[in-house]
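Need coordinates for the below:
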Amino acid sequence: MIDDLTTGAGDGFAIDFAKLLINPTGYSYTGTINGYIRDQSTDPIENALVTASSVSGTTNSSGYYSLSNVPAGQVYVEATKNGYFANSTLVDLVSEGNVEANLTLSDATIIWDGSESADWNTSANWNTNAVPSIAENASVPLVALFPVIDNAPGSPAICNHLNIASDAAVSINAGKALTVNGNLINAGILTVNSSLAGTGSLIVGGTSTGNVVFKRYVDEITKSTKWHYISAPVAGQAIDGAWMTANTIAQYESAYQFYRWDEDTESWIIYGSEGNPEAFGDATFIDARGYCVTKSGAGVYSFTGTIRTDDLNYLTTYTSGMGTGYNLVGNPFSSAIGITGSASTAGNFLDANAALLNDNYEAIYIWDEQTGYTGDRNDYKVISNGAIGEYSQIAQDYIQPGQAFMVTVVSGGGNLAFNENMQAHAGVDYHKETKEPWPVAELIVENNDLFNTTAIGFNKNMTTGLDPSYDVGKMKGNPNIAVYTRLVDDNGVDFAIQALPFQNIENFIIPIGVDVAETAILKFSVHQKLLDDMSIILEDRQENIFTNLRWDTYFAEICQGGTGRFYLHFKDATAIGEISPQTNISLRFIDGVILINNPDQETGLISMVNVSGQILNKIELNGSSAQEMRIQQPAGIYVFSVHTGETVLSRKLFVK
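Model (predicted):
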């Protein structure tokens, strides 16, 4: 009851009292909360995240935290740390007060029991009936069934720490993925598998102890030995006879076909060499070094060692006056790494190493040995920042674990960076690039034995000069043929890929180079994308012939290499007056004779060419409406090249 203050009489009213705290705009009442976060054994927990209202902080090595400027009132204090279950408490904080809030976090370890199956993702296989999350530790003891991981790279299996007991095992299926966000403690067997479908992937965010078995599948060629560029995705794997035998490394005259590349002598050093020109030297796979090797058949290379979890530098060389700066290096991690700026990783190889890579060769070069072809169709393909070409470039933004590649470094060499922030789970499908495709013309030069290409792409941000990591120099891996361009603003370098702007496209005169080891008749054709409105014209200045490759192919006999003979032009095919090349000449084969019907009485030349590009016969068109070409060739398909004025067309004919 409340009395009247004047008369002292009761007024008959009752009231409850409450404490109200009002924080007007521009002025607040705050206090401090501090304390310790410990585990169930009272040991301090470092780097635990402690949150009170909108204020947060982390604990130090003693488990201590202090949060200041926490709004006063009743406040929930919560502590979290991966590998522990979260815990919280409610405190009453007054303005300018100081409250102690200590919390204990219990271990969040989920134990595998394999009671239902070997599937990591089956909840009933874990003692909590829940699959581990990123915040929970996973422990695999010795049980009857061990876990097998079958998660796709886009949604990998995940846990905080992973502890594999002695004699226990975990397997990652081919093309599947596991992320250990914390530490890997492996006293048992952890195997990453590989097959034709893809290679497994493992990323460890913390530290790693114990060996991992990592396998990398490679295919073979039935017609000849196939060479692979490989690197070890683990540290510590020995290079010795036992490894060679276990991995069925091919032998020639009792010598294992296993090589390292030597930059200063530009030569391959075979395993076991004691000199001439250098000793092989490597007793184990050197971190991030690439090797060239061939197996006796398709199958896996198997590596055993520890997982790399830190940034790694590889010392490249450029020996002035001797080498050219070519270095064979490889992915040292147990997952894919991002190469281009289009990769989703925080870091990528080309950006991290832009200063060390030669501007003319700012890309990686993958050895491409085509199944079923002879060596005359093998060469390097590139991965670079542009989306230019299908034959000259590999449409990837990542490379798989165990993949080695060539790079070209600047004079003096230096440390090539392989950083852990380049890592990603990226399976076979994930490797396909997602860059916006460029309009591209890819020049193909070939016959029945030889094959080589060069690509030209267009993008408004490019220039006619050097655009590093978009213009990519030619690494001539095929000794029998090389096709390349020179920049419109020529800098003297042969390019596998050239990037140009659209502006003034019709003014560009692009030098084409063709190098051959022996005289050959070669067919020129073009594969284009997004250039349907352009005529792509090949100029042969030696023969004074222009061929619109949009409509036709061109044959030429080439006996010496270099530039100066062939040039490429681009003209608007939609302009008024642009017409497709036409002729009414028709050909028929009857009883060993090619009958030529020439109703318009055109003049020119018809050449008969076999599938290897060899010219077998020629006849001049003399203006008559009917002529005959007598042939004595075995049955088969032949190409007849018709030259009339400025028109060059090809006709295929089956000769019985």
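
Quick check: the residue minimising distance to the centre of the chain vs Y29, distance?
Taking Cα atoms, centre = their mean, the centroid of the chain lies closest to Y398, which sits 2.0 Å from it. Distance of Y398 to Y29, computed by Cβ to Cβ, to the nearest Å: 53 Å. C-beta here means a position set from N, CA and C on the backbone, and glycine is covered the same way.

cool, D119 as well?
Using Cβ to Cβ, D119 is found at 55 Å from Y29.

and the top helix by length along the chain, how far from the chain's centre?
Secondary structure of the chain per DSSP state H: the longest helix is helix 241-246. How far helix 241-246 lies from its chain's middle: 29 Å, per Cα atoms, centre = their mean, to the nearest Å.

So which bits of that helix are buried?
243-244 (16 or more other Cβ atoms under 10 Å).

Show the contacting residues for N327.
261, 263, 316-317, 406-409, 413, 416 (Cβ atoms under 8 Å, 6 or more residues apart in numbering).

re earlier: hmm, who's touching the longest helix of the chain?
Contacts for helix 241-246 (Cβ under 8 Å, 6+ apart): 237, 256, 258, 271, 302.

Put the alpha carbons of that helix into CSV.
C-alpha atoms of helix 241-246 as CSV (Å, rounded to 0.1, in the frame of the first residue of the first chain):
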residue,chain,number,x,y,z
GLY,A,241,63.6,-50.2,-57.8
ALA,A,242,60.9,-51.4,-55.5
TRP,A,243,58.7,-48.5,-56.5
MET,A,244,59.4,-49.0,-60.2
THR,A,245,58.5,-52.7,-60.0
ALA,A,246,55.4,-52.1,-57.9
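
Give me the local confidence score for the closest residue to V192 other than its chain neighbours.
In space, V192 comes closest to G200 once its chain neighbours are excluded; the distance is 4.0 Å by Cβ to Cβ, 6 or more residues apart in numbering. If you check G200, the pLDDT there is 97.

can you count the residues close to G200?
G200 is flanked by 27 other residues according to other Cβ atoms under 10 Å.

The one 10 residues further on now?
Residues near G210, counting by other Cβ under 10 Å, number 15.

and if you look at Q237?
Residues near Q237, counting by other Cβ under 10 Å: 19.

Likewise for L595?
Using other Cβ under 10 Å, L595 has 14 neighbouring residues.

L328 now?
For L328, the neighbour count with other Cβ under 10 Å is 23.

Kindly report the same for G386.
For G386, the neighbour count with other Cβ under 10 Å is 24.

circling back: residues in a beta bridge with the residue nearest to the centre of the chain, which ones?
Judged by DSSP bridges, the bridge partners of Y398 are G338.

Do I have it right that it meets A343?
Yes: with contact defined as Cβ atoms under 8 Å, Y398 counts as touching A343 (5.8 Å).

okay, and the common contacts of these two?
Overlap of the contact sets of Y398 and A343 (by Cβ under 8 Å, 6+ apart) consists of A424.

Low-confidence bits of the stretch 251-400 of the chain, can you list those?
371-375 (pLDDT under 70).

check contacts around the closest residue to F451 other than its chain neighbours.
Excluding the flanking residues, the one nearest F451 by Cβ to Cβ, 6+ apart is R377, at 4.2 Å. Neighbouring residues of R377 by Cβ under 8 Å, 6+ apart: 370, 449-451, 478.

In helices only, show me these.
Using DSSP H, no member of the contacts of R377 falls within helices.

out of the residues you listed, which are buried?
By neighbour count, with 16+ other Cβ under 10 Å, the contacts of R377 hold 450-451, 478 as buried.

Okay, helices next: where are they in this structure?
241-246, 349-352.

where does the nearest residue to V445 once chain neighbours are set aside land on pLDDT?
The shortest distance from V445 to any non-neighbouring residue, by Cβ to Cβ, 6+ apart, is to V483 (4.7 Å). The model reports V483 with a pLDDT of 98.
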